[in-house]
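[1] need a structure here:
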Amino acid sequence: MELAVAAAVPPLVLWAAGRSRRRVAEQWAKLGDFQALNDHQAVVARFSKEKETVLLIGSSGFVGVRIQQLHFETYQAPFNLVCVDLGAPKEMREDVVYFTGDVREPKHLKEIYTVMSSYGFPIKGTMHLASIIPFLGIPDSLITRVNVKALEDSVKMAKDQGVSSFVYTSSATCVLDGADDAPVDLDEGSPYPEKNMDTYTSSKVAAERMVCGAHEAKDEAERGEGTSFYTAVLRPSGIIGPGDKVLYDKLKLGEDNVWIQGKPNGESLLDFIGVDAVALGHLKAMSQLLQPNGRLKRPNATIINLSAGKGIEYKKLIGWEVETDGKNYWGHAPARPVPFGVVKCLAYINESWCSFFGKALLSPFLAQVNLNYTQRSYVFSNKRARELLQWEPEDDDIKDTVRKYLRRDPSSKRTN
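    Numbering: from 1, shown residues only. So this is what the prediction gives:
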């Protein structure tokens, strides 16, 4: 009896693992639905004929949400705004047109362009934020499908529909060398590495090349053959702020309150920027593309880092220092050190489990490539953003930016 049970365990485990992987794959393969969400007629009645209309693809992510808020609260609504994402937003503004749709289905985007033209507000600018970020359980094929192929379809659709201005959200990490973790200070002219950090960063390289290749700046003699198609690629460094599930949303609650004690002893310099600055950079870039003599209307596509331009020690960002009342700047007990070897071992177990069952055993963000980001120093120049966008980080110290976010965050207990 015991031998029979022992012999049956491996096949059962293999069957369970295969079943789990198939269910996960089916979940990710399922396309989202297309739907018009709010009262479009009531919204477009508020639109201005004096302003261009812009489509925001990927509007429900934490950067997309902040773009909508700052568009009205800080930047005085420079254009009419249309939003689409896979899921419905938690809140819908009465002055924004909302859709749900899947970027993997070109017909969804085409329907949005067609509908807005029928309302008398054809879309002239597109901000493409939609992207799959890397975490365990996401198939590499899906990352490539969304981050490259769907973007290619989005660019083609925008050009076919008469869009003149296209802003793409990339990542500054696409120029980090996956084979060399020496400290780096990089600008937009830095070459792509021969080996990227992971599938996500390699997908961003492919996407950047495609967007830059689609750029067309036509002179007056060429206008009869179609309109110009101006593009800008924005490269945020590490983004932190409300809605950021990797750092902010956990650390504000005192969760994952540890720092990984590796060879640099937590002193690696990381370039992090607040979500408000990233959102404002998108608004400024689109405005410059839409203006008749905008600074981004150049012969070639413009790549722009949205970064701090300086580093903060990794353990300081996590909050290892005591500030007041025995607490760190997040308002909790100082972060505790955890040996790198322990975390690396857990990451290996987590990744092995995921490769077998299709989903993480522990946190989906506990992966060896993510550990690498905490153990290397990287800084990205923001000189170009300052010059072309008249943009700058919110504060000189990213900790001051986080403190500001915590004070206005109702789910945070910090008040000072």
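[2] Do a quick rundown of the helices in this structure.
    In the chain, helices defined by DSSP state H lie at 2-29, 40-44, 62-73, 106-118, 140-144, 150-160, 199-214, 248-251, 275-290, 314-318, 340-357, 368-374, 383-389, 398-408, listed in chain order.
[3] In CSV: the ones you listed, plus mean pLDDT and distance to residue 298.
    C-beta here means a position set from N, CA and C on the backbone, and glycine is covered the same way. Shown next, in CSV, are the helices of the chain (pLDDT from 0 to 100; distance: least, Cβ to Cβ, whole Å):
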stretch, mean pLDDT, distance to residue 298
helix 2-29, 61, 38
helix 40-44, 96, 32
helix 62-73, 96, 23
helix 106-118, 97, 25
helix 140-144, 92, 29
helix 150-160, 97, 18
helix 199-214, 97, 11
helix 248-251, 96, 35
helix 275-290, 97, 10
helix 314-318, 97, 35
helix 340-357, 92, 43
helix 368-374, 91, 32
helix 383-389, 98, 9
helix 398-408, 96, 30
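[4] Relative to residue 302, which of the ones you listed is closest?
    Each of these was scored for nearness to residue 302 using Cβ to Cβ, and the closest is helix 383-389 (6.9 Å).
[5] Of the helices of the chain, which is nearest residue 174?
    helix 199-214 (4.0 Å).
[6] what's in contact with the closest one?
    Outside of helix 199-214, the residues within contact range by Cβ atoms under 8 Å, 6 or more residues apart in numbering are 132-134, 140, 143-144, 147-148, 151-152, 155, 159, 166, 168, 170-171, 173-174, 176, 178, 192, 196, 229, 231, 233, 300-301, 303.
[7] Kindly supply the PyMOL command isolating those of those that are buried.
    Paste this into PyMOL to select the buried members of the contacts of helix 199-214, with burial taken from 16 or more other Cβ atoms under 10 Å:
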select buried, resi 132+134+143+144+147+148+151+155+159+166+168+170+171+173+174+176+192+196+229+231+233+301+303
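[8] Can you tell me the number of residues neighbouring residue 91?
    8 (other Cβ atoms under 10 Å).
[9] typo on my end, it should be residue 194
    Residue 194: 9 surrounding residues under other Cβ under 10 Å.
[10] Hmm, residue 319 is touching residue 329, no?
    Yes - taking contact to mean Cβ atoms under 8 Å, the distance of 5.8 Å between residue 319 and residue 329 places them in contact.
[11] the more surrounded of the two?
    In terms of neighbours (other Cβ under 10 Å), residue 319 is the more surrounded of residue 319 and residue 329; the figures are 24 against 21.
[12] separation between that one and residue 204?
    Taking Cβ to Cβ, to the nearest Å as the measure, residue 319 and residue 204 are separated by 29 Å.
[13] and what of residue 162?
    Where residue 204 is concerned, residue 162 sits at a distance of 27 Å (Cβ to Cβ).
[14] cool, residue 237 as well?
    Applying Cβ to Cβ, one obtains 13 Å for the distance of residue 237 from residue 204.
[15] So for these two, which sits in the more crowded spot?
    residue 204 (28 against 25).
[16] Who's the closest spatial neighbour of that one, skipping the chain neighbours?
    residue 174 (4.0 Å; Cβ to Cβ, 6 or more residues apart in numbering).
[17] Equivalent analysis for residue 238, please.
    Distances taken as Cβ to Cβ, 6+ apart put residue 272 closest to residue 238, at 4.1 Å, once the chain neighbours are dropped.
[18] Quick check: pLDDT value at the one you found.
    Reading off the confidence values, residue 272 has pLDDT 98.
[19] That one touches residue 244, doesn't it?
    No - in this structure, residue 272 sits apart from residue 244 without contact. The criterion is Cβ under 8 Å, and the distance is 10.1 Å.
[20] Compare the two and say which is more crowded by neighbours.
    Ranked by neighbour count (other Cβ under 10 Å), residue 272 and residue 244 place residue 272 first, with 23 against 20.
[21] what's the more buried one in contact with, if anything?
    Shown in contact with residue 272 (Cβ under 8 Å, 6+ apart): 237, 238, 239, 240, 308, 312, 317, 398.
[22] what two of the residues you listed have the greatest distance between them?
    Comparing all pairs in these by Cβ to Cβ, the longest separation belongs to 239 and 312, at 13.6 Å.
[23] The two - which one has more neighbours?
    Counted by other Cβ under 10 Å, residue 239 and residue 312 do not tie: residue 239 has more neighbours, with 23 against 19.
[24] Give me the neighbour count for the spatially closest residue to residue 121 that is not a sequence neighbour.
    Across the structure, with Cβ to Cβ, 6+ apart as the measure, the residue nearest residue 121 apart from its sequence neighbours is residue 53 (4.4 Å). Residue 53 is surrounded by 22 other residues when neighbours are defined as other Cβ under 10 Å.
[25] isn't residue 53 right up against residue 117?
    No - if you go by Cβ under 8 Å, residue 53 and residue 117 don't touch, sitting 9.5 Å apart.
[26] Name the residues contacting each of these two.
    Residues touching both residue 53 and residue 117 by Cβ under 8 Å, 6+ apart: residue 123.
[27] which one of the helices of the chain lies closest to residue 94?
    For residue 94, the closest of these is helix 40-44, at 6.8 Å, according to Cβ to Cβ.
[28] Report the buried residues of the closest one.
    Of the residues in helix 40-44, those buried by neighbour count under the rule 16+ other Cβ under 10 Å are 40, 43, 44.
[29] With respect to residue 86, which of those is nearest?
    Top of the list for closeness to residue 86, among these and by Cβ to Cβ, is residue 40 at 19.3 Å.
[30] From residue 308, how far out is residue 397?
    In this structure, residue 397 lies at 9 Å from residue 308, with Cβ to Cβ as the measure.
[31] OK, contacts around residue 79?
    Counting by Cβ under 8 Å, 6+ apart, residue 79 makes contact with 51, 52, 53, 54, 125, 286, 287, 290.
[32] possible to save the residues you listed as a markdown table with distance to residue 344?
    What follows is the contacts of residue 79, written out as a markdown table (distance: Cβ to Cβ, whole Å):
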| residue | distance to residue 344 |
| --- | --- |
| 51 | 52 |
| 52 | 50 |
| 53 | 49 |
| 54 | 44 |
| 125 | 44 |
| 286 | 42 |
| 287 | 45 |
| 290 | 47 |
